[in-house]
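Participant: Structure for the following, please:
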Amino acid sequence: MLEQQLRDLALQAVPAGSGSGNGSAPRIEVQVGQLDPRLKLAPCQKVEAYLPEGMRPWGRSRVGLRCAQGAVKWNVHLPITVKVYAKALVAVNSVAANAVLGAGDVAQAEVDLAEDNSVALTDEAMAVGRTLARPVRAGQSLRASHIKARQYFAAGESITVLALGPGYAVAGMGIALTPGVEGQAARVRTESGRVLTGQPTADRRMEIEL
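Facilitator: Here you go, the predicted structure:
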């Protein structure tokens, strides 16, 4: 019963789109640690597992256990190790930092999504043609942290600014005030002099949602 509660907590933390490759849920393994042997807990008819604030039921973690039905209400923390197996990309060969990944460098395999805090890459489009920020070894799960972020434009460059709203899009020009790095907000001064913040999305292009 307790292990099933822990599995349910772990499944809730699985990112959308992760799976075993055939539409089924990831395979969860839960290794339950030991409570402090010095604890003397009163008998309890119903124990509930919950996540302490700031904790995530992935990898090495801990969960809270509380007595929901018993003469004495108690609350303790239990160490656990959660492994979440699903299909994702792995390196076929060892690849050095600053190398560009080719189609022959990656393959699908079952990996433990929870072994690293960085998100596992699941689609070849996320990796092929991208430059590695650090080396990977053969068989290693490829993570978002392995890939260098693209720089779409430099500060001072003239860029296209696309303002997006419900059912419309308006394009204009502006001068980048900060570098346009993938995944990071950038600022631009428009032709009218306004300073706007948006997301770099392509070479010399930034999008702003209105």
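
Participant: Next up, the contacts around G59.
Facilitator: Shown here is G59, whose contacts under the criterion CB atoms under 8 Å, 6 or more residues apart in numbering are 81-83, 114-115, 117. Yep, even glycine has a C-beta here, placed from its N, CA and C like the rest.

Participant: Would you reformat those as JSON lines and include neighbour count and pLDDT?
Facilitator: Below are those laid out as JSON lines (neighbours: other CB atoms under 10 Å; pLDDT from 0 to 100):
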{"residue": "T81", "neighbour count": "14", "pLDDT": "90"}
{"residue": "V82", "neighbour count": "25", "pLDDT": "87"}
{"residue": "K83", "neighbour count": "18", "pLDDT": "91"}
{"residue": "A114", "neighbour count": "25", "pLDDT": "90"}
{"residue": "E115", "neighbour count": "16", "pLDDT": "91"}
{"residue": "N117", "neighbour count": "10", "pLDDT": "87"}
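
Participant: tell me which of those is nearest to Y168?
Facilitator: N117 (38.6 Å; CB to CB).

Participant: returning to what we had before: next step: the contacts of G59 restricted to strands.
Facilitator: Under the assignment DSSP state E, these contribute 81-83 to strands.

Participant: So what does the residue sitting nearest the centre point of the chain have for phi and psi?
Facilitator: With distances taken as CA atoms, centre = their mean, V119 lies nearest the centre of the chain, 3.4 Å away. The main-chain torsion angles of V119 are listed as degrees, to the nearest 10 and equal phi -70, psi 130.

Participant: Measure how buried the closest residue to it other than its chain neighbours is and give me the count.
Facilitator: Computed as CB to CB, 6 or more residues apart in numbering, the closest residue to V119 that is not its neighbour in sequence is A144, at 4.6 Å. Other residues near A144 come to 15 when the count uses other CB atoms under 10 Å.

Participant: again with G172
Facilitator: Residue crowding around G172 was assessed by other CB under 10 Å; the count is 16.

Participant: hang on, the residue nearest to the centre of the chain packs against R143?
Facilitator: Yes - A contact is recorded between V119 and R143 when judged using CB atoms under 8 Å, the distance being 6.5 Å.

Participant: any idea how far K40 is from W58?
Facilitator: From W58 over to K40 the distance is 31 Å, taken as CB to CB, to the nearest Å.
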